[in-house]
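A.B. asks: Quick check, what structure comes out for this input:
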Amino acid sequence: MVYGNLTRDPEMKALPSGMQVTSFSIATNRRYKDRDGNYQDAVDYHNIVVFGRQAETSAQYLKKGSGAFVEGRLQTRSWDKDGQKQYRTEIVADRVQFGPRTGGGSGEGAPTNAAPKKDDAPAQQNAPEYPEEDINPEDIPF
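C.D. replies: Sure, this is the predicted structure:
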């Protein structure tokens, strides 16, 4: 399980079987004290791969800078490139939860750096944004 911010926009592709796959990377920050008692900041980068319906929603709703909580398993792939063995370790996501939307303030008219989104219900600014298509009951986990 990791929580971080996307370092680039998600890239969605289709496998030969037709299944969608989305890849992106997130940065996780941590702060610790060194031997001298000074605070140090460190950043770790994680490559994320998402398959199926979650790949589609991740590509649709996430963008560079968005927060995301990813739960999944580690997988290391290897291949030969120009006679040298290459390795890539990534998180194959079982679940991706979107973090809070950036750019929104609690007050009316708060300055933001983000482009304005469509405002169907201005009274419910903190309400989650749901997909417009119907929800399939088989996708509900309980």
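A.B. asks: Helices of this protein, residue ranges please.
C.D. replies: 53-61 (DSSP state H).
A.B. asks: what residue of it is the furthest out?
C.D. replies: Asp36 (35.3 Å; Cα atoms, centre = their mean).
A.B. asks: Quickly note the distance from the most centrally placed residue in the chain to Gln86.
C.D. replies: Centroid-nearest residue in the chain, with Cα atoms, centre = their mean: Ala68, separated by 4.2 Å. Counting by Cβ to Cβ, to the nearest Å, the gap from Ala68 to Gln86 is 26 Å. To be clear about C-beta, it is placed using only N, CA and C from the backbone, and glycine gets the same treatment.
A.B. asks: What of Phe51?
C.D. replies: Per Cβ to Cβ, Phe51 is found 22 Å from Gln86.
A.B. asks: more neighbours, those two?
C.D. replies: Taking other Cβ atoms under 10 Å, Phe51 and Gln86 do not tie; Phe51 has more neighbours (15 against 10).
A.B. asks: Please name the residues that touch that one.
C.D. replies: Listed by Cβ atoms under 8 Å, 6 or more residues apart in numbering, the contact set of Phe51 reads Met19, Gln20, Val21, Val92.
A.B. asks: Show me what the third one is bridged to.
C.D. replies: For Val21, the beta-bridge assignment (DSSP bridges) gives partners Lys13, Phe51.
A.B. asks: Show the contacting residues for it.
C.D. replies: Residues near Val21 by Cβ under 8 Å, 6+ apart: Met12, Lys13, Ala14, Leu15, Val49, Val50, Phe51, Ala55.
A.B. asks: wait, doesn't the fifth one sit right on Arg88?
C.D. replies: Spelled out, it's Val49. No - Val49 is beyond contact range of Arg88, at 9.9 Å (criterion: Cβ atoms under 8 Å).
A.B. asks: quick one, which of the two is more surrounded?
C.D. replies: Applying other Cβ under 10 Å to Val49 and Arg88 shows that Val49 carries more neighbours, namely 17 against 11.
A.B. asks: Quick check: Leu62 touching Phe98?
C.D. replies: Yes - using Cβ under 8 Å, Leu62 makes contact with Phe98 at a distance of 6.6 Å.
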